[in-house]
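> My questions are about this predicted structure, shown below with the sequence.
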Amino acid sequence: MTQEAADLLRHLESVLFIADEPVPTADLAVLFELPSNQIEELLDRLGTGYEQERRGIVLRSVAGGWRLATHPDSTPYLERFVGEQRHGRLSQAALETLAIVAYRQPVSRGQLAEIRGVSSDGVLRTLITRGVVEEVGRDPGPGQAILYGTSQMFLERMGLNDLSEMPSLAEFMPDSQAVERMESGLGPGL
């Protein structure tokens, strides 16, 4: 195989890897500026290579296009992995609570409720269950409230080495002129 063909296979594989739906041969031909029959030869070579190398992925022709998929023999392991890893997305309330914990830690349940204006007990339990928030100590004041902070898993999921790498809150704040424009649009009586 020539270097040019090897490069085309690599680029073709990359496109199929990121595609969220099957990619028609005609679209690939336009993208790579090659005739459709040459794209089909490359796709055949790619799929055959996966099978010959007994890879965990296969190339499938489905719904009028091409898509990478997991090998059917891997199904039992994939089902177990997905079952153990599945948590779904965080709700808006959970994201707000997580942001408060991340930026204000250590923080107590009472402080979370004060900042959010509502009880955060349920979402805090969810965040603890998912392993992104954990108990980090006790408030030395009256009642010795439990204090919460982000966990090692939070850092891993966010791709951070430590909390100092978190973006500054100032990056998300509007400038003073934008605040004035917003306030002037509120009208009288507010």
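That came in fine, so what should we check first?
> Please count neighbours and contacts with C-alpha atoms only from this point.
Fine.
> chain center to the host helix or strand of Ile115, what's the gap?
Using DSSP states H and E, the element containing Ile115 is helix 109-116. Relative to the mean C-alpha coordinate of its chain, helix 109-116 is positioned 27 Å out (Cα atoms, centre = their mean, to the nearest Å).
> just checking, what packs against it?
helix 92-104 (3 or more Cα pairs under 8 Å, 6 or more residues apart in numbering; DSSP states H and E).
> can you pull the alpha-carbon coordinates of the helix it packs on into CSV?
Extracted in CSV, the C-alpha atoms of helix 92-104 (Å, rounded to 0.1, in the frame of the first residue of the first chain):
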residue,chain,number,x,y,z
GLN,A,92,-29.7,22.3,35.6
ALA,A,93,-30.0,22.3,39.4
ALA,A,94,-27.2,19.7,39.7
LEU,A,95,-25.0,21.7,37.4
GLU,A,96,-25.7,24.9,39.4
THR,A,97,-25.0,23.2,42.7
LEU,A,98,-21.8,21.6,41.3
ALA,A,99,-20.6,25.0,40.1
ILE,A,100,-21.2,26.5,43.5
VAL,A,101,-19.3,23.7,45.2
ALA,A,102,-16.5,23.9,42.8
TYR,A,103,-16.0,27.7,43.1
ARG,A,104,-16.9,28.1,46.8
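> distance of the most centrally placed residue in the chain from Leu127?
By Cα atoms, centre = their mean, the mean C-alpha position of the chain lies nearest to Arg157, the distance being 8.2 Å. For Arg157, the distance to Leu127 equals 13 Å [Cα to Cα, to the nearest Å].
> do Ile100 as well
12 Å.
> Could you tell me which residues make contact with Leu147?
Applying Cα atoms under 8 Å, 6 or more residues apart in numbering to Leu147 gives the contacts Gln105, Pro106, Val107, Ser108, Arg109, Glu135, Val136, Gly137, Arg138, Asp139.
> mind redoing it with 7 Å?
Residues in contact with Leu147 (Cα atoms under 7 Å, 6 or more residues apart in numbering) are Pro106, Val107, Ser108, Glu135, Val136, Gly137, Arg138, Asp139.
> Can you name the element that comes right after the helix or strand containing Leu8?
Here Leu8 sits within helix 3-18, counting by DSSP H and E. Next along the chain after helix 3-18, taking DSSP H and E as the criterion, comes helix 25-32.
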